[in-house]
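In: okay, structure incoming, though there's no sequence with it:
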C-alpha cells in the first residue's frame, strides 16, 4: 500500500489535483467525453477500479460512485470529496440494479480483471439505454510478460471484440502511455510523450 499512500498524499494537494485534471483533459479527452455524453449535475456516474485518483473528482453529477477491490483500504488513507461514494466491489459482479447509470468509466483497470468479458457484460447491464462506457486502457502485446496484477494483455482488436454486440463505438483516440504520478511530478522526458500505447474509447450502449 506504500504506493497508494503516496498517491493519497499527492491528491490532498490542490496543485497536484489540478495537474491530474490537466492530464485527464490532455491525454484522456475528458472534456470531449463530457460534451458527447452530456454529463451534468443530474448525471449518475460509476467509475470501476476507481483507485484514489478517480476521474470522479473532475465531473459534475447527482450520484458519483467509485468501486474498487481495495476500496476499504483507500478509504482509510484518503479523504475523498463528500460527493463521491466509494465501495468495495469487483467489475465481474457489480452490486447495482439494471439500468442504474448514465455513464460508466473504467480507467486502466480492465486488464487487471480476471474476466474482461464478464466485466463488459456487467457494465452493459448497469447502464441505462443509450448510456455511455468510457474506457481507457494500455495496449500491450500478447507475448509481453507482466506481473500477476495484470492477467490480461489487451490490444485494440481485443477491446473491439469485447464491445461488439453490446456497444457502438462513438470515438476512439490514442495517446501516450506513462505513469500519471511521473507526469504531475514533472519527471517525464520528451520521448515519453511520443508513444501511442494508450487507447481511449467512448462507446454507447446499443
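Out: Thanks, I have the structure now. Computed from a predicted model, the values in this text were never measured in an experiment.
In: let me know the next secondary structure element after the longest strand along the chain.
Out: Looking across the chain with DSSP state E, the single longest strand is strand 127-138. Per DSSP states H and E, the first helix or strand lying C-terminal to strand 127-138 is helix 156-163.
In: ok, back up a step: what packs against the longest strand of the chain?
Out: helix 30-37, strand 101-107, helix 116-126, helix 156-163, strand 198-205 (3 or more C-beta pairs under 8 Å, 6 or more residues apart in numbering; DSSP states H and E). For the C-beta atoms, the positions are set from N, CA and C on the backbone; glycine is no exception.
In: next, the angle from the biggest helix by length in the chain to strand 101-107.
Out: In the chain, with assignment by DSSP state H, the single longest helix is helix 14-27. Relative orientation of helix 14-27 with respect to strand 101-107: 100 degrees, computed using axes from the mean of the first three to the mean of the last three C-alpha atoms, to 10 degrees.
In: check which helices and strands helix 14-27 sits against.
Out: Going by 3+ C-beta pairs under 8 Å, 6+ apart, helix 14-27 lies up against helix 2-11, helix 180-184.
In: using a markdown table, please lay out these together with distance to residue 131.
Out: Putting these into a markdown table (distance: least, C-beta to C-beta, whole Å) gives the following:
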| stretch | distance to residue 131 |
| --- | --- |
| helix 2-11 | 28 |
| helix 180-184 | 26 |
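In: give me whichever of those helices is most buried.
Out: helix 180-184 (a mean of 17; mean count of other C-beta atoms under 10 Å).
In: tell me the gap between that helix and the middle of its chain.
Out: 16 Å (C-alpha atoms, centre = their mean, to the nearest Å).
In: do the same with stretch 97-116
Out: For stretch 97-116, the distance to the chain centre is 8 Å (C-alpha atoms, centre = their mean).
In: can you check stretch 84-96 too?
Out: Using C-alpha atoms, centre = their mean, the offset of stretch 84-96 from its chain centre is 13 Å.
In: so what strands line up beside the longest strand of the chain?
Out: Within its sheet, strand 127-138 is paired with strand 101-107 (parallel), strand 198-205 (antiparallel), according to DSSP bridges.
In: which among those strands is found nearest to residue 113?
Out: Closest to residue 113 of these is strand 101-107 (C-beta to C-beta; 9.2 Å).
In: what's the average pLDDT for the closest one?
Out: Strand 101-107 shows a mean pLDDT of 98 in the predicted model.
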